[in-house]
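Undergrad: sequence unknown, structure follows:
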């Protein structure tokens, strides 16, 4: 086993096999190459669509308040329910991927996202719209882990950190579609048409996955997805327990939690209202500023992917730097006199928050490094819960504080300033857990 300077394992030790029966081929490692990039690209198409679905409410928040006649707390409920379902589904999805393979799970995810978004497009009242976001979140939850599992079967282990970052980078293309194309479509074509087109795009993606995706190389010697175990629950409980007992899995979850939630909450819901209502920008100006978050995310994704691929010692410095820089930028922005920071400072904030998504993928690399292949989906699901739980808590906290501080008098720069201070509590909790589990990982036996 290879161990990096902070004591994190590059791989889980595998028992040395006994003599192989005559005529049984030796399993080959993942080949990489064109076939790998093709399989990954097809999977990424689903993930890009999922990000479009996930972030669609981020540019439609103000439209939703008018359409459904709701306030900040109720508006945040849309994203909270969506994120809550996403987070709750991570372990079940990981188990499904481990047992039935990523291709089937991706197909189910596309179907659920399309149904949920179409229902949202046609909803005229709060209740049905809320239910549709829950269905959408369930489908969204099935995409990212499945794409990572496809990559793990096709690419050599040393390439996995870079491929994971490239997956996140591709997802930012979906975010760009939301901030540029969907925002303009909502203004020109209206609610039902805009969301309906996104829903119908799932037909083409479903066909692409069904006809083209191969989830593992032919002749790789890797077992296909297993059917449900006959003893059922004990196996599921054991798989979850063993993944959770790995300190690297828990460290990965808290790294994902702490690095991901500020940008996630800003991009999912509160960014546009903050810039329009709190900072007095037009929708066009706010949308243009939000694209900086997307492009910055792409740049950091490439940078972090290369750093971690070259040396796993970069994991913890990257995570802690992302947390510290994000906290510092928010502190300066919120402390600015009058609650109206200059444009250049808002630009810096968005550029720094662009590191949040790529930084969170470091957490998934911890989970990958400490778990064998047969429970990789489960461990990745546990780690991937972190950032979405953090985002859910942030969305809820900011929404509740905005309503409490406004007193029914509208949301001003001051109400946004104090409501956004809620983030510092979550940053402090997450950082404490990272440092605590880092020590536990160092003490863990290394095989």
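TA: On my side now, so go ahead. Source: prediction; values computed, not measured.
Undergrad: can we go C-alpha only for contacts and neighbour counts from here?
TA: Noted.
Undergrad: Give me the neighbour count for residue 174.
TA: Taking other C-alpha atoms under 10 Å as the criterion, the count of residues near residue 174 is 22.
Undergrad: My read is that it contacts residue 46, right?
TA: No. Counting by C-alpha atoms under 8 Å, residue 174 does not reach residue 46; the two are 10.0 Å apart.
Undergrad: Which parts of this structure are strands?
TA: Read by DSSP state E, the chain holds no strands at all.
Undergrad: Show me where it dips below the pLDDT cut-off.
TA: Applying pLDDT under 70 to the chain flags residues 1-32, 219-234, 408-409, 443-447.
Undergrad: biggest helix in it, by residue count?
TA: Counting residues, the longest helix found in the chain (DSSP state H) is helix 376-406.
Undergrad: what's that helix packed up against?
TA: helix 72-100, helix 144-154, helix 233-245, helix 247-265, helix 356-369, helix 413-420, helix 422-443 (3 or more C-alpha pairs under 8 Å, 6 or more residues apart in numbering; DSSP states H and E).
Undergrad: I'd like those helices written out as JSON lines, with mean neighbour count and distance to residue 181 added.
TA: Shown next, in JSON lines, are the helices and strands packed on helix 376-406 (neighbours: other C-alpha atoms under 10 Å; distance: least, C-alpha to C-alpha, whole Å):
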{"stretch": "helix 72-100", "mean neighbour count": "23", "distance to residue 181": "20"}
{"stretch": "helix 144-154", "mean neighbour count": "26", "distance to residue 181": "23"}
{"stretch": "helix 233-245", "mean neighbour count": "14", "distance to residue 181": "40"}
{"stretch": "helix 247-265", "mean neighbour count": "29", "distance to residue 181": "20"}
{"stretch": "helix 356-369", "mean neighbour count": "28", "distance to residue 181": "22"}
{"stretch": "helix 413-420", "mean neighbour count": "21", "distance to residue 181": "27"}
{"stretch": "helix 422-443", "mean neighbour count": "17", "distance to residue 181": "30"}
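Undergrad: Can I get the ones you listed in a markdown table including distance to residue 293?
TA: Shown next, in a markdown table, are the helices and strands packed on helix 376-406 (distance: least, C-alpha to C-alpha, whole Å):
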| stretch | distance to residue 293 |
| --- | --- |
| helix 72-100 | 19 |
| helix 144-154 | 20 |
| helix 233-245 | 33 |
| helix 247-265 | 8 |
| helix 356-369 | 10 |
| helix 413-420 | 18 |
| helix 422-443 | 18 |
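Undergrad: what's the closest of these to residue 310?
TA: helix 356-369 (13.2 Å; C-alpha to C-alpha).
Undergrad: what's next to that closest one, contact-wise?
TA: Outside helix 356-369, the residues that touch it by C-alpha atoms under 8 Å, 6 or more residues apart in numbering are 8-12, 161, 164-165, 168, 248-264, 297, 300-301, 304, 315, 318-319, 322, 376, 379-380, 383-384, 387.
Undergrad: Stretch 131-139 now?
TA: Residues contacting stretch 131-139 (C-alpha under 8 Å, 6+ apart): 53-54, 78-79, 81-86, 89, 108-117, 119-120.
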